[in-house]
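Visitor: What follows is a predicted structure for the sequence shown.
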Amino acid sequence: MNKLWTLTRKEVLLAFRDRGALISMLLTPLLLTIAIAAAFGGDADQPISNIPVLLLNQDQGPLGAFLVETFESEALADLVVPERVTDEAEARRRVDRDEAAALVVLPADLTERMLPLTPLLAAANAEAEPLPAEAIEAIWHLVDNPTVELLPTLVEIYASPGRPIGTAVTQAIVSQVLDGMQVAIRGVDAAMAQLAQDPALQADPTQLVALGQTLGEGLLQGGPPTEAGIRLLIDDGGFRPFRWVDYSAASMAVLFMMFTATAGGRSLLQEREAGTLPRLLISPNRSTMLLAGKMTGVAATGVLQMVILWRASGLIGAYWGPALPVVISIVILVVCATGLSALIAGWARTTSQAAALGTGVTLVAGALSGSFFPRTNLPGWVQTLSLVTPNSWGIEIFGRFQGGYELSAVLPYLAGALALALAYYLVAAIGFRRQFLV
């Protein structure tokens, strides 16, 4: 163990004594984080298109159906991707998994509360029997007091913390439709109140019912926004909202840790070309110990880099998550990135080839995983494909901690990063045996 510690310490000291490496490892990602946060603001500023929205319509009346049809209209086809659901618990879980921007829950009493005359009008429709006296009295009561029964009804929007723009768009659509309904409702109320002064209608109240039904046929034509008799509940499940400074701090740290890891693995080839590695390999020290010490040093350097960036970015307001889960995640992600570094070092033939592969793989991995823009904006197949990179697992893990998820909810992602690391090391071992252990 003393030999392993000595080799590890040597690699860490070499990395942190290099001023150029320090600028690349620490200063550059911090400056990029500040620049991105300043450019896009503290909150998300994501492109607005193809927002997945789940719709749970519990209302049996026309207003709930109209709102759902509005989401499904061609006018909003490029803006939202609506999906009707019936299982509320599962729909909430899908939002928690960030599979949708929001769940819109329309209550069972939406139409009844907004249109209290609906049951009475339905009874008087077609060839129904004459309304009883108490029904006529109720109609006159509503005409004389058009707002007395319009109690606020609750329309809930259950929001994903990672999609604040999608939530805002969903809220705007719901509010616009419901406000338009309210305008029409108030118009019908006012018209009926005026017409009710007609002596003919007062002599035959059933005509007022038919007239109210006729006026109500234009109810769903919409109108300008006004103060609605509805209350929107935006429920984010207690999660934290998306902030650019949080997202960019973690994603830039992972990206530049990848550069550090691949550079550390490349130094194996540099030592071989310089002749120092062959001399070490024929020394009494076991070759596997030398290679393990080299890669452990690379990993230790990456952990220190990530910890420094984590604490430094906190000074500018970035939040990565609770301390212990963040430390665990950093270690796992560095182990994964070091595995990729070992794979490149084990199979590249020259230092220049390893440098090109390391830089290219890191940049492509950063682009595919969403290091420079929100990962949720990427197509689903790209998000899945990018899981072969440590960057993607890092963004998924830290994104959930930043949103307020508990460690237990992030364990599958930590396990995924460890599985990827194991795959890297298995393939790297073959290359090491071919290049360094023969």
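Guide: Here it is on my side, so go on.
Visitor: Against G339, how distant is L418?
Guide: To G339, L418 is 10 Å away according to C-beta to C-beta, to the nearest Å. Bear in mind the C-beta positions are built from the backbone N, C-alpha and C, glycine included.
Visitor: Between these two, point out the one with more neighbours.
Guide: G339 (25 against 16; other C-beta atoms under 10 Å).
Visitor: Surely the more buried one is in contact with A429?
Guide: No: contact between G339 and A429 fails when scored by C-beta atoms under 8 Å: they sit 10.2 Å apart.
Visitor: Summarise which helices and strands the helix or strand that contains S313 is packed against.
Guide: S313 belongs to helix 287-314 when assigned by DSSP states H and E. Contact partners of helix 287-314 among helices and strands, from 3 or more C-beta pairs under 8 Å, 6 or more residues apart in numbering; DSSP states H and E: helix 2-16, helix 28-40, helix 244-274, helix 276-281, helix 323-347.
Visitor: quick one: contacts of the second one?
Guide: The reference is to helix 28-40. Residues outside helix 28-40 that contact it (C-beta atoms under 8 Å, 6 or more residues apart in numbering): 244-245, 248-249, 252-253, 255-256, 309, 312-313, 316, 318.
Visitor: what about it, average pLDDT?
Guide: The predicted model gives helix 28-40 an average pLDDT of 83.
Visitor: next SSE after that helix?
Guide: Of the helices and strands lying after helix 28-40 in sequence (DSSP H and E), the nearest is strand 51-57.
Visitor: Give me the packing partners of the very next helix or strand once past that next one, helices and strands only.
Guide: The first helix or strand that comes after strand 51-57 along the chain, using DSSP H and E, is helix 62-71. Helix 62-71 is packed against strand 51-57, strand 80-84, strand 102-106, helix 110-114, helix 164-195, with contacts defined by 3+ C-beta pairs under 8 Å, 6+ apart.
Visitor: Could you point out which residue ranges in the stretch 51-200 of the chain have low pLDDT?
Guide: Confidence mapping of the stretch 51-200 of the chain against pLDDT under 70 gives the ranges 114-153, 161-162, 164, 180-200.
Visitor: switch to 50 and redo it
Guide: When residues are selected by pLDDT under 50, those of the stretch 51-200 of the chain lie in 124-128, 131, 146-151.
Visitor: Now do the domain split for this protein, please.
Guide: Residue ranges for the structural domains of the chain, counted by automatic domain parsing, are given in the record as 2-42+243-435, 51-235.
Visitor: Pretty sure R349 sits in a helix.
Guide: No: counting by DSSP: H, G, I helix; E, B strand; the rest coil, R349 falls outside a helix, being coil.
Visitor: Tell me the spacing between it and L357.
Guide: Going from R349 to L357 by C-beta to C-beta gives 10 Å.
Visitor: if you count what's nearby, which of the two comes out ahead?
Guide: Remark: of R349 and L357, L357 carries more neighbours, 18 against 9, as counted by other C-beta under 10 Å.
Visitor: how about the nearest residue to the more buried one, chain neighbours excluded?
Guide: Setting aside the residues directly before and after it, L357 is nearest to I344 in space (C-beta to C-beta, 6 or more residues apart in numbering), at 5.0 Å.
Visitor: How many residues are close by the one you found?
Guide: 26.
Visitor: List the residues that contact it.
Guide: If you count contacts by C-beta under 8 Å, 6+ apart, then I344 has T262, G265, R266, A354, L357, G358, V361 around it.
Visitor: who's in contact with the third one?
Guide: Just to be clear, that refers to R266. Taking C-beta under 8 Å, 6+ apart, we find R266 in contact with S341, I344, A345, A348, T351, A354, A355, G358.
Visitor: mind giving me CSV with these and columns for pLDDT?
Guide: Supplementary listing: these in CSV, determined by pLDDT from 0 to 100:
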residue, pLDDT
S341, 91
I344, 90
A345, 85
A348, 85
T351, 84
A354, 87
A355, 87
G358, 90
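Visitor: neighbour-wise, which of the residues you listed leads?
Guide: Neighbour counts for these, by other C-beta under 10 Å, peak at S341, which reaches 31 neighbours.
Visitor: gap between the residue nearest to that residue when sequence neighbours are not counted and V335?
Guide: Of all residues not flanking S341 in the chain, G265 sits nearest, at 3.3 Å (C-beta to C-beta, 6+ apart). With distances taken as C-beta to C-beta, G265 is found 13 Å from V335.
Visitor: if you count what's nearby, which of these two comes out ahead?
Guide: For the pair G265 and V335, the greater number of neighbours falls to G265 (27 against 22), based on other C-beta under 10 Å.
Visitor: still on that earlier bit, apply the buried test to the contacts of helix 28-40 and list what passes.
Guide: Among the contacts of helix 28-40, the ones that count as buried by 16 or more other C-beta atoms under 10 Å are W244, V245, S248, A249, M252, A253, L255, F256, L309, A312, S313, A318.
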